[in-house]
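Enquirer: starting from these lines, generate the structure:
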Amino acid sequence: MSGPIRISPEALAFEAQTLQRKLSAGLSTLRQLGDTQFGVTPKHAVWSDGKVTLYRYQGEQTPTAKVPVLICYALVNRPYMIDLQHDRSLVKGLLARGEDVYIIDWGYPDLSDRFLTMEDYILGFIDGAVEHLRASHALDSINLLGVCQGGAFSLCYAALNGKKIRNLITMVTPVDFHTPDNMLAHWTRSIDVDLFVDALGNVPADLMNSCYLTLKPFRLLQQKYVGLVDILDDVTELENFLRMERWIFDSPDQVGEAFREFIKWFYQGNGFVNGGVQIGGREVDLGNIGMPVLNIFAEHDHLVPPSAAKALRTLAGTDDYTELSFRGGHIGIYVSGRAQREVPETIHGWLHVR
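Expert: Residues are numbered from 1 along each chain as shown. Model (predicted):
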């Protein structure tokens, strides 16, 4: 066995001096910071329904793609993660390659939205956005890109309305919710979700954030704030840190009824695998997905492990199925340098040949 680690007095003194210097520099750095900017790409609203808005992004060049890409994001966070800053933007990468990009912004639900259901989101809001794009572009079908929970919504939509979707892309999307390494699914499987929703109405965003952070408590609640000291003298890095913090805690409340259904149908019932999910009186069967599918997952994803995403290969009915295994995590797939090089190019190239 190795003995105890010994730290010399000189090393301790050096660490103390470094900490003092960083903290002192931090006071100056913080005074230089203004409001943290995010969502860098211009966009304008083209359609809305209640609190839900469909935006079209405006790139520096006219789109060359003839078929638009509709991005369906998750309900649990704000969608500007995919357009966080000028050098960390999936949207910017797609626009630079000629894609015509739209996104559904779910807004901030309140108690008046408590009784919205999965049917309202999938056959109401998503279908409304799809219909707008079909009409405005004079097309029978469009491309759909679903992200995380939005990917699960997109799978439901594509299974029910396949003729309206030309190509389907899923990113970090859970499909098999009962894989052994899915920690979040293990947590939610024993929740009395009826009591939970009946007591709370809408699920508070702060409660949801606490649950996500405690999945990796050391990394997300301690280590990153200790590491903050190392960047206190770097304005750019500190702005990046604050921008990410803003996104993490800028979370909408979750609509009660849709939350109840999603937990019951998928986290508890594993509905894509076991069946039994009905939306608008129709069964959601992934075997009905006949359009080309690109499934992108992250190898180090603690929220949607690769095993949960890769199940789509055997469940989708398409003969044209492609996977991209990304070397990163659930957030890194949008904001890392590797992601900027690999993900937009893969999506664009895959769409281009189809």
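
Enquirer: can you pull the pLDDT of Asp18?
Expert: Residue 18: Thr, not Asp. Here the pLDDT value assigned to Thr18 is 64.

Enquirer: Arg354 now?
Expert: Taking Arg354 on its own, its pLDDT is 91.

Enquirer: ok, now which ones touch it?
Expert: When contacts are counted by Cβ atoms under 8 Å, 6 or more residues apart in numbering, Arg354 touches Arg166, Asn167, Pro292, Asp320. For every residue, glycine as well, the C-beta is placed using N, CA and C.

Enquirer: rerun at 6 Å
Expert: Shown in contact with Arg354 (Cβ atoms under 6 Å, 6 or more residues apart in numbering): Asn167, Pro292.

Enquirer: show me the strands in the stretch 151-300 of the chain, by range?
Expert: Assigned by DSSP state E, counting those that start in this stretch, the stretch 151-300 of the chain shows strands spanning 165-171, 278-279, 282-283, 293-298.

Enquirer: want to throw the ones you listed into JSON lines with mean pLDDT?
Expert: What follows is the strands of the stretch 151-300 of the chain, written out as JSON lines (pLDDT from 0 to 100):
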{"stretch": "strand 165-171", "mean pLDDT": "98"}
{"stretch": "strand 278-279", "mean pLDDT": "98"}
{"stretch": "strand 282-283", "mean pLDDT": "97"}
{"stretch": "strand 293-298", "mean pLDDT": "97"}
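
Enquirer: will you turn the ones you listed into a markdown table that also has distance to Asp105 and mean neighbour count?
Expert: What follows is the strands of the stretch 151-300 of the chain, written out as a markdown table (distance: least, Cβ to Cβ, whole Å; neighbours: other Cβ atoms under 10 Å):
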| stretch | distance to Asp105 | mean neighbour count |
| --- | --- | --- |
| strand 165-171 | 17 | 24 |
| strand 278-279 | 22 | 16 |
| strand 282-283 | 27 | 14 |
| strand 293-298 | 22 | 24 |
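
Enquirer: can you put those in JSON lines and add distance to Ile333?
Expert: Below are the strands of the stretch 151-300 of the chain laid out as JSON lines (distance: least, Cβ to Cβ, whole Å):
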{"stretch": "strand 165-171", "distance to Ile333": "7"}
{"stretch": "strand 278-279", "distance to Ile333": "28"}
{"stretch": "strand 282-283", "distance to Ile333": "31"}
{"stretch": "strand 293-298", "distance to Ile333": "5"}
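
Enquirer: tell me which of those sits nearest to Ala258.
Expert: The closest of these to Ala258 is strand 278-279. By Cβ to Cβ, the value is 11.2 Å.

Enquirer: what sits up against that closest one?
Expert: By Cβ under 6 Å, 6+ apart, the list of residues contacting strand 278-279 from outside reads Met118, Glu119, Ile122.

Enquirer: before we move on, back to that, among the strands of the stretch 151-300 of the chain, which comes closest to Val40?
Expert: Ranking the strands of the stretch 151-300 of the chain by proximity to Val40 (Cβ to Cβ) places strand 165-171 first, at 19.7 Å.

Enquirer: given the closest one, what are its sheet partners and their directions?
Expert: Here strand 165-171 is paired, per DSSP bridges, with strand 142-147 (parallel), strand 293-298 (parallel).

Enquirer: okay, the ones you listed in JSON lines with distance to Asp250 next?
Expert: Shown next, in JSON lines, are the strands paired with strand 165-171 (distance: least, Cβ to Cβ, whole Å):
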{"stretch": "strand 142-147", "distance to Asp250": "16"}
{"stretch": "strand 293-298", "distance to Asp250": "22"}
